[in-house]
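In: got a predicted structure plus its sequence, pasted below:
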2 protein chains.
Amino acid sequence: MTIVHPPKPGTALWVYAHPRRDSLNDRLLQAGTKALSQRYEVAVSDLYAQDFDPVLSRRDLGDLADRPGNIAELAGEAYARGQLPADVQEEQAKLAAAELLVLQFPLWWYGPPAILKGWFDRVLTSGFAYGDLDPERGVPRRYGDGGLVGRKALVVVTAGEDERSIGPRGISGDLESLLFPITHGVLWYCGVEALDLHVVHDADSLDAEGVEQQVERLAARLGGIEDERPRLFRRLRDGEYADTRALREDLAPGRTDLGIHLA
Amino acid sequence: MTIVHPPKPGTALWVYAHPRRDSLNDRLLQAGTKALSQRYEVAVSDLYAQDFDPVLSRRDLGDLADRPGNIAELAGEAYARGQLPADVQEEQAKLAAAELLVLQFPLWWYGPPAILKGWFDRVLTSGFAYGDLDPERGVPRRYGDGGLVGRKALVVVTAGEDERSIGPRGISGDLESLLFPITHGVLWYCGVEALDLHVVHDADSLDAEGVEQQVERLAARLGGIEDERPRLFRRLRDGEYADTRALREDLAPGRTDLGIHLA
């Protein structure tokens, strides 16, 4: 069984996780989807508007709700049986079609809002977004090789903090590292190549002109998004983590920062 | 107005975010709370059993639900007005009492399950868990100096992966870094000192004996938890991030890994 879902060219999915209308995020969503619509067919998953339930639970397991075992594995089996809940199936269908994925959210507690975290927990099931050992290739479909290969993703994040607080030596930690669980742990794991983060700093203190500038900056970037090249991480299948699942000693020797996983 | 909540000595709060009974996590919870009960009064927040809603939304804003502005700031104002929802008030009361906090969860997508992420999003409001500029001290109550000072926390996490995959050079990224948004971004931000992570590796493939060993290992650790010393991060108020909110150049010079924030 192949788990790869070839995207439909010219299709985008914009996943939006912000609760408020008339907010900076709302402005970015409206302008961003409009800009993208000139060249893409854009589907939107507005998680708050959809009242998306982010809690992975027995309801995600179909007939297997009472079977003991790891819930993620059971959800994967429910996927294989076509028994996932309708809301999850719908999100999977949108994802399967999209060649460009946008994840837009405000930075809350240095990560995504719960409603987006739970979208990962529930939608990216085993068998759909990643897989165990592929007999033909001899490696699992993970890290650069998942079910969603052939896609690019743009993470659009608003942060109350300034560029220095969440910069490389900032007190809150480098944003690249804080979001590594998404760019690498979620996206790359499933085969999706993340473009450079799109960060809006000082999001709570922008005046009307500042908001306008940010709206235009995002629209301008989306205007040329097809030409951007992602920053790739290392692939599991290339043998750089041979046998031990730790990076080979001859690569980035002596280092232990997350940057060692960049290809 | 002071925002500091002195804990009640001998009181612990165990926050548990796993959906399944008769699981490894359930075993760890039962054995862990039993071990702790010998010397602590232990409250448990079993988020799945409580059907905790992790989605921060207009319902968290009391009378301010329709006021424009940043939702986290408005939730802080709802806190000051005593208008937070009952479930959040209850969690805050448990937290305010506890001198020891345990956060137990399975690692899902390299972070906490959505139900726990949303517990952070909703419970740790401004004014309760952290604060703006303190006029007496001249610095904000953040990073080592929040509303929850005087507390220690133990993060208990189960991971399907082995020690090498999420070790310092592991393909999934170092677990210390993956959980930095919790140990530093959540806990330390609010003034809580995190003890060394308690990690159970290979959680999906343990046999009965392996489970027993892990249960005993956790109980044994909890037996001596009072004597453990936390690994402290740098404090905002100490001036090491002076003016720029980036770490002073003379400290950990040239480095940009998250380890630079350890004191």
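Out: It's in. Residues are numbered from 1 along each chain as shown, chains lettered A, B, ... in the order given.
In: does A:Ser177 really touch B:Leu258, like I thought?
Out: Yes. Contact criterion C-beta atoms under 8 Å: A:Ser177 and B:Leu258 qualify, at 5.5 Å. Backbone N, C-alpha and C define where each C-beta goes, glycine included.
In: shared neighbours of these two, anything?
Out: The overlap between the contact sets of A:Ser177 and B:Leu258 (C-beta atoms under 8 Å, 6 or more residues apart in numbering or on different chains) consists of A:Asp257, A:Leu258, B:Ser177, B:Phe180.
In: dump the residue contacts of the second one.
Out: A:Leu258 is in contact with A:Glu176, A:Ser177, A:Phe180, A:His184, B:Gly173, B:Asp174, B:Ser177, B:Asp257, B:Leu258, counting by C-beta under 8 Å, 6+ apart.
In: and the last one, how far is that from A:Ala263?
Out: Distance, B:Leu258 to A:Ala263, using C-beta to C-beta, to the nearest Å: 21 Å.
In: residues near the closest residue to A:Asp257 other than its chain neighbours, how many?
Out: Sequence neighbours aside, B:Asp257 is the residue nearest to A:Asp257 in space, at 3.7 Å (criterion: C-beta to C-beta, 6 or more residues apart in numbering or on different chains). B:Asp257 has 20 neighbours, counted by other C-beta atoms under 10 Å in any protein chain shown.
In: likewise for A:Tyr143?
Out: Neighbours around A:Tyr143, by other C-beta under 10 Å: 24.
In: isn't it right next to A:Asp238, touching?
Out: No. Applying C-beta under 8 Å as the test, A:Tyr143 and A:Asp238 come out as separate, 9.6 Å apart.
In: would you map the strands across chain A?
Out: A:11-16, A:41-46, A:100-106, A:131-134, A:139-141, A:152-158, A:193-194, A:198-200 (DSSP state E).
In: now stretch A:251-261: buried residues?
Out: A:Ala252, A:Thr256, A:Asp257, A:Leu258, A:Ile260, A:His261 (16 or more other C-beta atoms under 10 Å in any protein chain shown).
In: cool, and stretch A:54-72?
Out: A:Pro54, A:Val55, A:Leu56, A:Ser57, A:Asp60, A:Leu61, A:Gly62, A:Leu64, A:Asn70, A:Ile71, A:Ala72.
In: A:Val139 bridge partners, please.
Out: A:Asp134 (DSSP bridges).
In: go ahead and confirm A:Leu24 touches A:Val211.
Out: Yes. Using C-beta under 8 Å, A:Leu24 is in contact with A:Val211, at 5.7 Å.
In: quick one: which of these two has more around it?
Out: Neighbours were counted for A:Leu24 and for A:Val211 using other C-beta under 10 Å; A:Leu24 has more, 20 against 16.
In: for A:Arg27, give me its contacts.
Out: A:Val211, A:Val215.
In: what do you get for A:Ala203?
Out: A:Leu24, A:Pro106, A:Thr158, A:Ala159, A:Gly160.
In: which of these lies closest to chain B?
Out: Relative to chain B, the closest of those is A:Gly160; by C-beta to the nearest C-beta it sits at 7.2 Å.
In: tally up the residues packed near the closest residue to the closest one other than its chain neighbours, please.
Out: Leaving aside its sequence neighbours, A:Gly160 sits nearest to A:Asp204 (C-beta to C-beta, 6+ apart; 4.5 Å). Residues contacting A:Asp204 under the criterion other C-beta under 10 Å number 14.
In: tell me the spacing between A:Asp204 and A:Ile166.
Out: 14 Å.
In: ok, now which ones touch the residue nearest to A:Asp257?
Out: A:Ser177, A:Thr256, A:Asp257, A:Leu258, A:Gly259, B:Ser177.
In: my guess is the residue nearest to A:Gly160 meets B:Ile71, correct?
Out: No. Contact between A:Asp204 and B:Ile71 fails when scored by C-beta under 8 Å: they sit 10.3 Å apart.
In: so which residues on the stretch 151-263 of chain A come close to chain B?
Out: Proximity of the stretch 151-263 of chain A to chain B, by C-beta under 8 Å from any C-beta of the partner chain, involves residues A:160-162, A:164-165, A:167-174, A:177-178, A:180-181, A:184-186, A:204, A:234, A:236, A:241, A:244-247, A:255-261.
In: of the residues you listed, grab the buried ones for ChimeraX.
Out: ChimeraX command restricting these to the buried ones, with burial defined by 16+ other C-beta under 10 Å:
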select /A:160,161,164,165,167,168,169,170,171,172,173,174,177,178,180,181,184,185,186,234,236,241,245,246,247,256,257,258,260,261
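In: now intersect the residues of the stretch 151-263 of chain A next to chain B with the helices, please.
Out: Judged by DSSP state H, helices contain the following of these: A:Ser177, A:Leu178, A:Phe180, A:Pro181.
In: in TSV, list those residues along with distance to B:Glu193 and pLDDT.
Out: Output for those, formatted as TSV (distance: C-beta to C-beta, whole Å; pLDDT from 0 to 100):
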residue	distance to B:Glu193	pLDDT
A:Ser177	21	97
A:Leu178	20	98
A:Phe180	24	98
A:Pro181	23	98
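In: closest to B:Lys152 out of these?
Out: A:Leu178 (23.3 Å; C-beta to C-beta).
In: please name the residues that touch the closest one.
Out: Residues near A:Leu178 by C-beta under 8 Å, 6+ apart: A:Leu107, A:Tyr110, A:Gly111, A:Ile166, A:Ser172, B:Phe180, B:Pro181, B:Gly185.
In: the fifth one reaches A:Ile166, doesn't it?
Out: So that's A:Ser172. Yes. Between A:Ser172 and A:Ile166 there is a contact at 4.9 Å, judged by C-beta under 8 Å.
In: thinking again about what came up before, tabulate the contacts of B:Asp257 in CSV, adding columns for distance to B:Arg20.
Out: Output for the contacts of B:Asp257, formatted as CSV (distance: C-beta to C-beta, whole Å):
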residue, distance to B:Arg20
A:Ser177, 31
A:Thr256, 34
A:Asp257, 35
A:Leu258, 31
A:Gly259, 36
B:Ser177, 28
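In: now for the residues you listed: which two are most distant?
Out: Farthest pair in these, by C-beta to C-beta: A:Ser177 and A:Thr256, 12.1 Å.
In: still on that earlier bit, what pLDDT is listed against the residue nearest to A:Asp257?
Out: Confidence at B:Asp257, expressed as pLDDT, is 93.
In: just the one 3 residues further on next, same as before
Out: Reading off the confidence values, B:Ile260 has pLDDT 96.
In: and it, what does it touch?
Out: A:Arg169, B:Leu247, B:Leu251, B:Ala252.
In: adding pLDDT and distance to B:Pro9, write the residues you listed out as a markdown table.
Out: Output for the contacts of B:Ile260, formatted as a markdown table (pLDDT from 0 to 100; distance: C-beta to C-beta, whole Å):
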| residue | pLDDT | distance to B:Pro9 |
| --- | --- | --- |
| A:Arg169 | 95 | 38 |
| B:Leu247 | 96 | 35 |
| B:Leu251 | 96 | 35 |
| B:Ala252 | 95 | 36 |
